[in-house]
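**Q** Need the 3D shape of this:
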Amino acid sequence: MPIFPASPLQPIKNGWHIFSDLVCNKLTEGAEKFLRAHIGADLFIVTGSAGVGKSSFIKAITGEDVYIGSTLESGTKITSLVPTVIGTQRCLFLDMPWFNTRDFDDWDVFHRLMTAMSVVERYVQFRGVLYVDSMEENRVTPATEKILTGLWLFCGQDYMPNVTVVTTRWNGLDADGIETKMARVGKWRAEGLLKRFFKHDASIYHHGLVMEGENNRTLHIERQAERRRVLARDAITALYEHPTSLKLQIYTEIANGATIDTTLAGRWLKYGRAAHDSHDSQDNDETSADSSPGDDSTRSEQQGERQQRDGANRPNEFAAKAAAWAEQFSDTWEDIKPWARLLYKAARFYGSWSSRSSPSGFD
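**A** Numbers count the residues shown, from 1 in each chain. Model (predicted):
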């Protein structure tokens, strides 16, 4: 089935869906209907520094040895959109380089992430964010600080119940080593950039570590791979099985009229600041650290609501914004194509799974 017709763009409407409408108008009618029929997945964005085990964690959950990646590469790492089914839950894991990637600047990576989200937005629910961190590191690096600051602005305080910190690289530790690393996790909860994540109900999952009262033990990466897989899948089910009404802060900002570069995360990445930058959490001043991003979010939403109310009186402003999105779309269509193809392949995976899991005689 062809995915892309040779037809001009159709009329578009204003708002968050401008970009996704442009994408849909590039798809054939058959491809668009197929996606609507077979996707309906929960999307998980997987973040973390290079080399912390993001891909290995996704592999443990999905069982996939080879990712079908897009054209965005970082060293040997290929960005991937990996489908799987956990129980009856369709899950998509978006695995891509985050900030401080050596092959791309931070704004380029962020722009590509937003491109991917815009392509898939119509067919998925942004269900959660998984921040992966290796227990091999004993200190917070500048790269980690940048990722956590950007992640806070990207997700927002209210979305924290949908954020999970995934710890990796427990293998080979004895009881004393595990105790030392657990003390480090305790410090995360008490101070530093992760403190506010946990304060606002982010979860934590220790991949490869079995916690049985005070007798914690690690699971061998190869010999106990199946056990690691079962526990990882069980964790996703336990943490994300119930529906959610929470929205990513950046999603709300764009829905309320912001462009990518005027969101809190976008401004911080592109211009080196977001109003009342969230670095002040490092001062252990809870009031300042917790209120600044939230206050920014409120101001952003209020600004967006005013823009929507006044939209009828400012048609030229919205026309200009739509034109800006259309121009951006034109410039990035070659980057968009791989994501559309990945989404289509995921839909085929889910369609095949539905056929295999259907009772005899059920079409």
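**Q** how about low-confidence regions in the stretch 1-150 of the chain?
**A** Regions of the stretch 1-150 of the chain meeting the criterion pLDDT under 70 cover residues 1-17, 19-20, 22, 64-79, 97-104.
**Q** Any figure for the gap between residue 173 and residue 220?
**A** When distance is defined by Cβ to Cβ, to the nearest Å, residue 173 is 12 Å away from residue 220. From N, CA and C alone the C-beta is placed, and that goes for glycine too.
**Q** more neighbours, these two?
**A** Using other Cβ atoms under 10 Å, the more surrounded residue of residue 173 and residue 220 is residue 173, with 19 against 12.
**Q** The more buried one falls within a helix, correct?
**A** No - applying DSSP: H, G, I helix; E, B strand; the rest coil, one finds residue 173 to be coil, outside a helix.
**Q** low-confidence ranges in the stretch 251-363 of the chain?
**A** 273-333, 355-363.
**Q** and with 80 instead?
**A** For the stretch 251-363 of the chain, the stretches flagged by pLDDT under 80 are 272-338, 353-363.
**Q** which residues in the stretch 51-200 of the chain form strands?
**A** Using DSSP state E, counting those that start in this stretch, the strands found in the stretch 51-200 of the chain span residues 69-74, 77-86, 89-95, 124-134, 163-168.
**Q** Now render those as a markdown table, adding mean neighbour count.
**A** Formatted as a markdown table, the strands of the stretch 51-200 of the chain follow (neighbours: other Cβ atoms under 10 Å):
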| stretch | mean neighbour count |
| --- | --- |
| strand 69-74 | 17 |
| strand 77-86 | 21 |
| strand 89-95 | 23 |
| strand 124-134 | 22 |
| strand 163-168 | 23 |
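**Q** and residue 178, which of those strands is closest to it?
**A** Evaluated over the strands of the stretch 51-200 of the chain, closeness to residue 178 peaks at strand 163-168, with 11.2 Å, by Cβ to Cβ.
**Q** And that closest one, what does it pack against?
**A** Under the contact criterion of 3 or more Cβ pairs under 8 Å, 6 or more residues apart in numbering; DSSP states H and E, strand 163-168 touches helix 54-62, strand 124-134, helix 175-190, helix 195-199, strand 203-206.
**Q** Go through the longest one and flag the buried ones.
**A** Right, the one you point to is helix 175-190. 178, 181-182, 185, 188 (16 or more other Cβ atoms under 10 Å).
**Q** helices and strands around it, which ones?
**A** Looks like helix 175-190 contacts strand 163-168, helix 195-199 (3+ Cβ pairs under 8 Å, 6+ apart).
**Q** can you redo these as JSON lines with mean pLDDT and distance to residue 88?
**A** As requested, those are arranged in JSON lines below (pLDDT from 0 to 100; distance: least, Cβ to Cβ, whole Å):
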{"stretch": "strand 163-168", "mean pLDDT": "97", "distance to residue 88": "20"}
{"stretch": "helix 195-199", "mean pLDDT": "97", "distance to residue 88": "29"}
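**Q** and residue 231, which of the ones you listed is closest to it?
**A** Closest among the helices and strands packed on helix 175-190, once you apply Cβ to Cβ, is strand 163-168, at 11.8 Å.
**Q** just to revisit the earlier point, which one, of the helices and strands packed on helix 175-190, ends up nearest to residue 229?
**A** Closest approach to residue 229 among the helices and strands packed on helix 175-190 is made by strand 163-168 (13.9 Å; Cβ to Cβ).
**Q** Name the strands paired with the closest one and say parallel or antiparallel.
**A** strand 124-134 (parallel), strand 203-206 (parallel) (DSSP bridges).
**Q** Is it possible to get JSON lines of these that adds distance to residue 256?
**A** Formatted as JSON lines, the strands paired with strand 163-168 follow (distance: least, Cβ to Cβ, whole Å):
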{"stretch": "strand 124-134", "distance to residue 256": "16"}
{"stretch": "strand 203-206", "distance to residue 256": "28"}
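**Q** List the buried residues of stretch 205-220.
**A** 205-209, 216, 218-219.
**Q** Out of the residues you listed, which one has the weakest pLDDT?
**A** In terms of pLDDT, residue 216 ranks lowest among those, with 89.
**Q** Hmm, residue 209 and that one touching each other?
**A** Yes - counting by Cβ atoms under 8 Å, residue 216 touches residue 209, with 6.2 Å between them.
**Q** residues bridging contact with these two, i.e. touching both?
**A** Residues touching both residue 216 and residue 209 (Cβ atoms under 8 Å, 6 or more residues apart in numbering): residue 178.
**Q** Would you quantify the distance from residue 219 to residue 243?
**A** 31 Å.
**Q** quick revisit: can you say which of the strands paired with strand 163-168 is nearest to residue 267?
**A** Going by Cβ to Cβ, the one of these nearest residue 267 is strand 124-134, 19.7 Å.
**Q** Next, the angle from that closest one to strand 89-95.
**A** Counting by axes from the mean of the first three to the mean of the last three Cα atoms, to 10 degrees, strand 124-134 lies at 50 degrees to strand 89-95.
**Q** Tell me the one among the buried residues of stretch 205-220 nearest to residue 48.
**A** Out of the buried residues of stretch 205-220, the member with the shortest distance to residue 48 (by Cβ to Cβ) is residue 207, at 11.7 Å.
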